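> fold the following and give me the result.
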Amino acid sequence: MAKLKDIAEMVGVSISTVSRVMKNDFSRSVSEETRRKIREAAEKLDYKGVRNEAKPSSYRIGCVVAAPQNKYNNPYFMVILGGIERALEEAGLRLEFTFSIEKPADLQQLQQLVREQHIDGIIIVERIDPDAYRWIKDNVRAVIGVDLPDRSVPVVGYDRMGAAQEAVEYLIRSGHKRIGYLGGSEYHDFYRLEKRYLGYEKAMREAGLSIDDDWVIDVKWDVALSYELTKKAFERNGSAPTAIFAASDTMAIAAMRAASEHGLRIPEDIAFFGVDNIEISEFTSPPLSTIHVPKMEMGIYAVKLLYSYLNGDYSLPVRMTVPHQLIIRRSSEKVAAAAEV
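Below you'll find the predicted structure:
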């Protein structure tokens, strides 16, 4: 009787690769060409261990993205979507649609898309309209979240609160005592309940530092608002903080412009720290310190988890937390003058 070893030798791959293909395991990337060769070899050798489950090449996958951050031009979402599309392409699939719920009528359009395209699985990137979310969970075979707080579904994400806390603690160690905050809410929650704000707040409280409410600004994840409201804060308040932590790079970059126009030098007069490590952050003047979030990998892991649940490999919801990393650049460089303020 044929064994996995026989198939591996015929195709010229490892036994573990043959085993994964026979089990329809898509936790690691194996090209469609290699999968085809392995299955053809198994058929020629009359191997009896092939599982008769649906091939992932028959799965139809959609993606729903949070409306507050536009999926078409937001550099954070674009990279996550790129990871999703890359992982699907490696499996011989495509992303059937990317959709946002921005008004009540959009839910009916989403329902129609799911039914007409016979969607097997959906990846939801961040929180969406509650009615749409409930409908998806009730009507789609497998649902994977990216940075969702729901513990009833499998989720890929990073520690937002811990990452923000680490960044603010770095600023504090650099000598900063007056640190402002720019952010927004998660869906329609109060913006001071968002995890990156909670990380900022925890770092400040644990260091015994006060939080100046005049410099905690809800910019609603909007780049233009980040510029305008930061500019107004500089004009309105008698003194500025020596550092600002922004919950996204795009907001930090807009606020840096407002600071420069106000005559402040970065980092000599005011330091900046962002989140996401988008590509442009390395090329701002000065380069922006930030938290690297493995966005591409989050999209790829979300697809791999989706395969596992569609194949019935798991039943309990897995929560996968990817590591983040502080990237220190010149915008938060230690400056003696700032530390003395």
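> how many residues are close by residue 113?
15 (other CB atoms under 10 Å). All C-beta spots, glycine's among them, are computed from the backbone N, C-alpha and C.
> ok, for it, nearest residue in space, not its chain neighbours?
residue 97 (5.6 Å; CB to CB, 6 or more residues apart in numbering).
> residue 249 and residue 274 touch, don't they?
Yes. Using CB atoms under 8 Å, residue 249 is in contact with residue 274, at 3.9 Å.
> for the one helix or strand residue 6 maps to, the averaged confidence score.
Element membership of residue 6 [criterion: DSSP states H and E] is helix 4-11. Helix 4-11 shows a mean pLDDT of 87.
> I'd like the next helix or strand past that helix.
Assigned by DSSP H and E, the successor of helix 4-11 is helix 15-22.
> tell me which residues of that next one are tucked away?
17, 18, 20, 21, 22 (16 or more other CB atoms under 10 Å).
> now swap in stretch 179-190 and tell me
Buried-residue list, stretch 179-190, by 16+ other CB under 10 Å: 179, 180, 181, 182, 183, 184, 185, 186.
> next: stretch 258-266.
So, applying 16+ other CB under 10 Å, buried residues of stretch 258-266: 258, 259, 264, 266.
> ok so, going back, for the buried residues of stretch 179-190, which one is nearest residue 326?
Among those, residue 179 lies closest to residue 326 (CB to CB), at 15.3 Å.
> ok, what's across the strand from that closest one?
Counting by DSSP bridges, residue 179 forms beta bridges with residue 243.
> let's have the chain start at 2 instead
Got it, first residue is 2 now, which makes that one residue 180.
> need the contact list for it.
Counting by CB atoms under 8 Å, 6 or more residues apart in numbering, residue 180 makes contact with 169, 172, 173, 201, 205, 210, 216, 242, 243, 244, 245, 246.
> what ranges does this structure have for its helices?
All helices of the chain, identified by DSSP state H, fall at 5-12, 16-23, 33-45, 76-91, 106-117, 131-140, 161-174, 196-207, 224-237, 250-262, 296-311, 337-341.
> which one of the ones you listed lies closest to residue 124?
helix 296-311 (5.0 Å).
> which residues touch that closest one?
27-28, 55, 57, 60, 62, 77, 80-89, 92, 121-122, 124, 142-143, 145-148, 155, 157-159, 277, 315, 319, 321, 323.
> 7 Å - rerun?
Helix 296-311 is contacted from outside by 27-28, 57, 60, 62, 77, 80-85, 87-89, 121-122, 124, 142-143, 145, 147, 155, 157, 315, 319, 321, 323, using CB atoms under 7 Å, 6 or more residues apart in numbering.
> and the buried ones among those, selectable in PyMOL?
In PyMOL, a selection of the buried entries from the contacts of helix 296-311 looks like this (16+ other CB under 10 Å):
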select buried, resi 27+57+60+62+77+80+81+82+84+85+88+89+121+122+124+143+145+147+155+157
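> how much space between residue 144 and residue 4?
38 Å (CB to CB, to the nearest Å).
> in terms of neighbours, single out the busier of those two.
Neighbour tally, residue 144 and residue 4, criterion other CB under 10 Å: the higher count belongs to residue 144, 24 against 13.
> quick check: beta-bridge partners of that one?
Applying DSSP bridges to residue 144 gives these bridge partners: residue 123.
> likewise for residue 321?
residue 157.
> got the contact list for it?
157, 302, 306.
> can you list the residues you listed in CSV and add distance to residue 334 and pLDDT?
Putting these into CSV (distance: CB to CB, whole Å; pLDDT from 0 to 100) gives the following:
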residue, distance to residue 334, pLDDT
157, 33, 97
302, 34, 96
306, 39, 94
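> closest to residue 138 out of those residues?
For those, the nearest to residue 138 is residue 306 (15.5 Å; CB to CB).
> give me the number of neighbouring residues for the closest one.
The burial count for residue 306: 27, using other CB under 10 Å.
> next: the one 4 residues further on.
Neighbouring residues of residue 310 were enumerated by other CB under 10 Å; the total is 19.
> against residue 155, how distant is it?
To residue 155, residue 310 is 6 Å away according to CB to CB.
> I figured residue 292 hits residue 166, correct?
No. Between residue 292 and residue 166 there is no contact under CB atoms under 7 Å: 10.5 Å.
> neighbour-wise, which of the two wins?
For residue 292 versus residue 166, neighbours defined as other CB under 10 Å are more numerous around residue 292 (26 against 21).
> so what sits opposite the more buried one in the bridge?
Listed by DSSP bridges, the beta-bridge partners for residue 292 are residue 327.
> with adjacent residues omitted, what lies nearest to residue 168?
In space, residue 168 is closest to residue 274, 4.9 Å off (CB to CB, 6+ apart).
> next up, the contacts around the one you found.
Counting by CB under 7 Å, 6+ apart, residue 274 makes contact with 168, 172, 246, 290, 291, 333.
> the first one: what's it in contact with?
Yep, that's residue 168 we're talking about. By CB under 7 Å, 6+ apart, the contact list for residue 168 reads 246, 274, 292, 327.
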